[in-house]
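[1] mind looking at a prediction? Sequence and model below.
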Amino acid sequence: MAASFVPRHVFPHYASVPRSYFLGHHRAGLRKMKEMLSSIDYVVECRDFRAPVTSINPMFEEALGETRRLIVYTKKDLGCQPDSPVRLQMEKKIRSFDQRGAVFFVSSTSRQDMSPILKHLRNDAQGPDKLVGCRVMVVGMPNVGKSTLINNLRNQGVKRAKAVQTGGQPGITRKIGTPVKIIERENESHVYVLDTPGVFVPFVPDAEKMLKLALCGCVKDAVVPPVTLADYLLYHINLHNAQVYERWSEPTNEVMALLNRFARHAGHLSKGGVPNIDLAALHLIQKWRAGDLGRFLLDDLSAEEQRRQEEGPRGAVVMSMSQALKADKKARKQRPMETKK
Ligand SMILES: Nc1nc2c(ncn2[C@@H]2O[C@H](COP(=O)(O)OP(=O)(O)OP(=O)(O)O)[C@@H](O)[C@H]2O)c(=O)[nH]1
């Protein structure tokens, strides 16, 4: 059976996927960031290494475009094995997408990943005068790892303890924080970072992108039906290594079969011993997010490279808020009845 297993090469279930997750604090956060921009000297934009193209929020380009910045791809440890020979190739390709500024790749478990960022900021980030120092705003999609990065930079830079709260679900940071010192300079023009709320896009035109962002944890787990998300995960796992779930099942493209077996194995049973499929789906997704079901990218870097050659470097087109709301309304109308909330 395993020898003849053929994974799906396309994921068929897009119609039922909601495409919006633009919350009040996203809108307010973005507005506040724009307002504060005149007092900000530098921007650190975080993106998720597992979805290096999809986790770009084009609204930051528009809002923070002219400010000096660097890009940090977080969760590197979850995108490939640490000693994998392809890691450097991946990094090289991703780097080639951003030729305007410095690009870094970090894992929260690696202190040494912080040193090059600190060194770069020390040389490149200048404030208006030594009294205020240099103010760096850290931005990115929800749950991408902004607060974790700030704590790690602080720990490595000035040997101080955690300063901002982190958490496994999006939306832990709701407001722009107070400045946190990460670099001390002899001339007293220290470098401070400000945490910001994660900001999602007003509408995701491509449903597959929504699935990728949901898998990475950028939207709350209740937004996309867990079985659909687990199915999308299974689709990716099978393209990489269908053996990673051999503890529960032989290779399969049938998510319900896998979830049934996994639910029984993990003890996710409702009354009468019936498998709790939604709970099993969420648990399976969490296992992947913890690196237990393979480490791989969700974006196809070669396809993106080709797209850029054909269409130029511009990423997703930025929709105005009213365009996004209209597109969302239209998409809701088109969704099958049973999936509407
Ligand atoms: N494995 C791994 N997990 C990480 C990494 N960086 C962050 N995380 C985890 O990702 C989750 C989200 O991290 P946060 O730092 O709270 O994310 P955030 O971007 O500040 O989230 P918001 O409050 O939604 O803006 C937490 O569970 C972190 O432990 C990383 O490099 N590797």
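    Arrived safely, thanks for sending.
[2] what residue spans form the domains of this protein?
    For the chain, automatic domain parsing gives the domain ranges 24-195, 207-339.
[3] wait, Pro58 sits on Pro202?
    No: with contacts counted by Cβ atoms under 8 Å, Pro58 stays clear of Pro202, the gap being 10.6 Å. Where you see a C-beta, it was placed from the backbone N, CA and C, and this is true even at glycine.
[4] tell me which of those two has more neighbours.
    Pro202 (23 against 14; other Cβ atoms under 10 Å).
[5] so what pLDDT did the more buried one get?
    Here, the pLDDT recorded for Pro202 equals 89.
[6] flag every buried residue along stretch 27-35.
    Residues of stretch 27-35 classed as buried by neighbour count (16 or more other Cβ atoms under 10 Å): Gly29, Leu30, Met33.
[7] okay, and which of these map to strands?
    Under the assignment DSSP state E, those contribute nothing to strands.
[8] from these, which is closest to the ligand?
    Gly29 (8.8 Å; Cβ to the nearest ligand atom).
[9] what about that closest one, distance to Leu234?
    Using Cβ to Cβ, to the nearest Å, Gly29 is found at 34 Å from Leu234.
[10] so where do the strands sit in the stretch 151-300 of the chain?
    180-183, 191-195 (DSSP state E, counting those that start in this stretch).
[11] adding distance to Ser302 and mean pLDDT, write those out as a markdown table.
    Below are the strands of the stretch 151-300 of the chain laid out as a markdown table (distance: least, Cβ to Cβ, whole Å; pLDDT from 0 to 100):
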| stretch | distance to Ser302 | mean pLDDT |
| --- | --- | --- |
| strand 180-183 | 36 | 96 |
| strand 191-195 | 34 | 97 |
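[12] return the most buried member of those.
    Each of the strands of the stretch 151-300 of the chain was scored by mean neighbour count; the highest is strand 191-195, a mean of 24, by mean count of other Cβ atoms under 10 Å.
[13] hmm, that one touching the ligand?
    No: contact of strand 191-195 with the ligand (Cβ under 6 Å from any ligand atom) is absent, the minimum separation being 6.6 Å.
[14] what does the pLDDT read for the residue lying farthest from the centre of the chain?
    Distance from the centre of the chain peaks at Gly272, with 38.4 Å (Cα atoms, centre = their mean). pLDDT, Gly272: 92.
[15] same question for the one 10 residues further on.
    In the predicted model, Leu282 carries a pLDDT score of 98.
[16] you'd agree it is up against Lys220?
    No: using Cβ under 8 Å, Leu282 makes no contact with Lys220, being 11.5 Å away.
[17] which of the two has more neighbours?
    Counted by other Cβ under 10 Å, Leu282 and Lys220 do not tie: Leu282 has more neighbours, with 18 against 15.
[18] and the end-to-end length of stretch 72-92?
    End-to-end distance for stretch 72-92, by Cα to Cα, to the nearest Å: 14 Å.
[19] name the residues that touch that stretch?
    Contact with stretch 72-92 is made by 44-50, 52, 94, 103-110, 113, 117, 140, 144-145, 148-149, 216, 289, 291, 295-297, 301, as judged by Cβ atoms under 8 Å, 6 or more residues apart in numbering.
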